[in-house]
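Asker: A structural model of the following input is requested.
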Amino acid sequence: MRPSLMLLPRLRISFPLSRRFFGSNSGPELARTIAELNQEMASVFGEPPSSLQDDLLCNHSTSQEIHSVSAKISDNVLGLTHTNIKGQAQMVDVSPKRTTNRAAIASCKVLLGKEVFDLVSANQMAKGDVLSIAKIAGITGAKQTSTLIPLCHNISLTHVRVDLTLNAEDYSVEVEGEANATGKTGVEMEAMMAVTVAGLTVYDMCKAASKEIEITNIRLKSKFGGKSGDWAREN
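Answerer: The predicted structure follows:
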């Protein structure tokens, strides 16, 4: 029988063992098996295939690294839900989630300055009633959230509230918005969109009187319902 044919039974035994080792931490056993295989091949061909052991060990190491990275990703509970395993943008599939009551409250502040603040307080702005127009704009903005934020779901809102209050201490308008829905995903973005659009509308109504108006502190104050439960900002 030719030497190359005699080697075949040995190869059939060695390679399954090596494949089994790739999924384990048995590095020394894998190295021993490869060394034995090299000796067998050296007796047949006259010299060992020097690259075989390095290649197999490299594949083993790469396999372990991939499993390690995958484990870290799966353990990262704070991972980004709007990206897939390839890092590409995706819309989250909410179909497995339960339908529950959802609510969120957000806020922002518009710093007017004393001169503009006095005009708004006296309802003397050329464009009209600043607070009333901003209130309607905020409600409208909440209903358009999924149109403006590309990966947001189209939510059937059951209620939107927008309140604007004048604060004479810092010559500002304080804006608070609330969104409610019964569905499978939260309404935090709708609440934040409501106060953002309301704040921008205040700016638009008053920009002729001052260019130094600032919209600040756009933030989520609290949310209710859903898998993650209730949450409220501490300060």
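Asker: Lys227 in helix, strand or coil?
Answerer: Under DSSP: H, G, I helix; E, B strand; the rest coil, the three-state class of Lys227 is coil.
Asker: skip the chain neighbours and tell me the closest residue to Lys127.
Answerer: With Cβ to Cβ, 6 or more residues apart in numbering as the measure, Met205 is the residue that lies nearest to Lys127, at 4.8 Å, once sequence neighbours are left out. Heads up, the C-betas are built off the backbone N, CA and C, glycines and all.
Asker: I meant to write Ala209 there.
Answerer: Val116 (4.9 Å).
Asker: how many neighbours does that neighbour have?
Answerer: The tally of other residues near Val116 (other Cβ atoms under 10 Å) stands at 24.
Asker: ok, it to Cys206 distance?
Answerer: Taking Cβ to Cβ, to the nearest Å as the measure, Val116 falls 5 Å from Cys206.
Asker: and the residue nearest to Lys127, what does it touch?
Answerer: Under the criterion of Cβ atoms under 8 Å, 6 or more residues apart in numbering, the contact list for Met205 reads 125, 127-128, 130, 133-134.
Asker: helix or strand: which one has it?
Answerer: Element membership for Met205, per DSSP states H and E: helix 188-206.
Asker: right, and the helix or strand after that helix?
Answerer: Once helix 188-206 ends, the next helix or strand along the chain (criterion: DSSP H and E) is strand 214-224.
Asker: that next one: which residues count as buried?
Answerer: 215, 220-224 (16 or more other Cβ atoms under 10 Å).
Asker: take the residues you listed and lay them out in CSV including pLDDT and distance to Arg161.
Answerer: Listed next are the buried residues of strand 214-224 as CSV, based on pLDDT from 0 to 100; distance: Cβ to Cβ, whole Å:
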residue, pLDDT, distance to Arg161
Ile215, 98, 19
Leu220, 97, 15
Lys221, 97, 13
Ser222, 97, 13
Lys223, 95, 15
Phe224, 94, 14
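Asker: re the thing from before, where's the residue nearest to Lys127 relative to Ser222, distance?
Answerer: Counting by Cβ to Cβ, the separation of Met205 from Ser222 is 28 Å.
Asker: hmm, back to that, what residues are shared contacts of Val116 and Cys206?
Answerer: Joint contacts of Val116 and Cys206 (Cβ under 8 Å, 6+ apart) are Ile213.
Asker: done for today, thanks.
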